[in-house]
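In: coords please:
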Amino acid sequence: MHSSLRAIESEHLSIASVLAGLAHFAERGLAGGNVPDARVFRAMLQYIDLFAERMHHPKEDAYLFARLRDRTHDADDVLDRLQSDHAYGLGALRALEQAFLHYEEGGAPFFAAFAQEVTRYVAFYREHMRLEETVVFPLAERELTDEDWSAIDAAFAAHQDPLASPAQEHDLQALFTRIVTITPTPIGVGEEV
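Out: The predicted structure follows:
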């Protein structure tokens with residue numbers, strides 16, 4: 001597997017871990033269990049916004065998807081869907097953030113609506129990543145040339161992202177560490193709720 005695909009796969013794992021945390025606590029809360037305080041949810045949503053929406057997706061679109069479109073039309077339908085997912089995902093995240101704000105301000109009566117948005121968003125995002133890894137990755141491995149991979153790998157290695165900077169990447173690492181630190185077990189290392 002090329003280094004850029006390994007980078008995307010690694011980013012998917014980071015995103016998936018945050019999604020798993022959101023899903024776990026949404027399910028726990030719906031079942032009547034304790035949930036962490038709002039700062040945990042806020043940090044998770046911030047990470048998804050800053051990392052997945054502003055950094056990860058633009059990199060996929062600008063480098064991998066663009067090169068793949070140049071080489072074949074076999075992927076047009078799936079790439080159209082994935083890029084549509086990128087646009088849809090931003091709106092879905094905003095709906096999730098709004099549901100969170102209602103819960104944060106209004107308390108327990110608003111948790112179920114927030115948890116339902118979490119469930120919808122997590123299912124959508126997991127399917128999106130699955131499609132990239134099972135359809136796009138093999139197609140890219142088959143269709144892209146060594147020259148394409150050199151350019152894509154270089155862009156990913158240099159983190160040449162239209163919306164990211166080295167300072168932002170450091171901030172994202174710090175945010176991810178904070179999420180792990182403040183999130184209660186069994187998801188993070190914070191105190192059990």
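In: so where's this protein shaky on pLDDT?
Out: Across the chain, residues meeting the criterion (pLDDT under 70) sit at 159-170.
In: what's the single longest helix in it?
Out: When the chain is scanned for its longest helix (criterion: DSSP state H), the result is helix 76-106.
In: now it, how far from the centre of its chain.
Out: Its chain's C-alpha centre lies 11 Å from the corresponding centre of helix 76-106 when counted by C-alpha atoms, centre = their mean, to the nearest Å.
In: which residues in the chain form strands?
Out: Per DSSP state E, the chain carries no strands over any range.
In: all the helices of it, residue numbers only.
Out: Ranges of helices in the chain, per DSSP H, are 3-30, 38-47, 57-59, 66-71, 76-106, 111-131, 137-143, 146-157, 166-182.
In: would a markdown table of these with mean neighbour count and distance to residue 192 be doable?
Out: For every residue, glycine as well, the C-beta is placed using N, CA and C. Formatted as a markdown table, these follow (neighbours: other C-beta atoms under 10 Å; distance: least, C-beta to C-beta, whole Å):
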| stretch | mean neighbour count | distance to residue 192 |
| --- | --- | --- |
| helix 3-30 | 18 | 11 |
| helix 38-47 | 19 | 12 |
| helix 57-59 | 20 | 34 |
| helix 66-71 | 16 | 45 |
| helix 76-106 | 15 | 21 |
| helix 111-131 | 18 | 19 |
| helix 137-143 | 15 | 38 |
| helix 146-157 | 16 | 38 |
| helix 166-182 | 14 | 13 |
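In: what sits against the closest residue to residue 4 other than its chain neighbours?
Out: Take residue 4 and drop its neighbours on the chain: the residue closest to it by C-beta to C-beta, 6 or more residues apart in numbering is residue 156, 4.0 Å away. Residues in contact with residue 156, defined by C-beta atoms under 8 Å, 6 or more residues apart in numbering, are 3, 4, 7, 8, 59, 63.
In: do the same with residue 81
Out: Contact analysis of residue 81 by C-beta under 8 Å, 6+ apart lists residue 131.
In: residue 77 now?
Out: Counting by C-beta under 8 Å, 6+ apart, residue 77 has no contacts.
In: next one: phi and psi at residue 32?
Out: According to degrees, to the nearest 10, the main-chain angles of residue 32 amount to phi 90, psi 10.
In: and it, how many neighbours?
Out: The local packing count at residue 32 equals 6, with neighbours defined by other C-beta atoms under 10 Å.
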